[in-house]
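1. Fold the following for me, if possible:
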Amino acid sequence: MALTADDRFAITDLINQHGHLIDRGDFAGLAAVFTEDAPYDVTALGGGVLAGPAAIHEAALALGDGNPVAHHVTNIVLHEVTDGTVHATSKGLGIMADGSAGSVTYDDTVERTAAGWRISHRVVRPRRRPLHP
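-> The predicted structure is shown next:
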């Protein structure tokens, strides 16, 4: 299965939608982004592996004021995998209430479901050091 331009637009919109939903607290809307049982691996940020939108919601509530006030996604790159899934890599920027910022890489597995494209697995990896020779 070759990815069409429509598939690429749909997957890119899916990934972009995450930050908008989180920032406005629309956790019910995450069902349109993630599969119900999608592992959301924030182990590298100290949060473990969250299973599905309900767990993401609970973790966000637990962080409270520690949550970013804005999530921005950029540099989305899609690679079709032979089994019909898509591997998507993107960069995320989080802006905190105090004005500080952080950078992460999102590594997503995206699958076509009966309801459309959904992220079925996400790993969030922070970037804390610049490149060194």
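
2. now stretch 34-49, how far from the chain's geometric center?
-> Counting by C-alpha atoms, centre = their mean, to the nearest Å, stretch 34-49 is centred 9 Å from the centre of its parent chain.

3. Buried residues, that stretch. List them.
-> The neighbour-count check on stretch 34-49 (16 or more other C-beta atoms under 10 Å) flags 34, 35, 38, 39, 40, 41, 42, 47 as buried. (C-beta placed from N, C-alpha, C; glycine too.)

4. and the next element down the chain from the helix or strand bottoming out on mean pLDDT in the chain?
-> One helix or strand of the chain scores below all others by mean pLDDT, DSSP states H and E: helix 52-63, with a mean of 89. Following helix 52-63 in sequence order, the next helix or strand is strand 70-80 (DSSP states H and E).

5. packing partners for that next one?
-> In terms of contacts (3 or more C-beta pairs under 8 Å, 6 or more residues apart in numbering; DSSP states H and E), strand 70-80 is packed against helix 5-23, strand 86-95.

6. Sketch out the low-pLDDT regions of the chain for me.
-> The model of the chain has pLDDT under 70 over residues 1.

7. Look up how far residue 8 lies from the spatially most distant residue from the centre of it.
-> Going by C-alpha atoms, centre = their mean, the residue of the chain most distant from its centre is residue 133, 30.0 Å out. As for residue 133, its distance to residue 8 is 36 Å (criterion: C-beta to C-beta, to the nearest Å).
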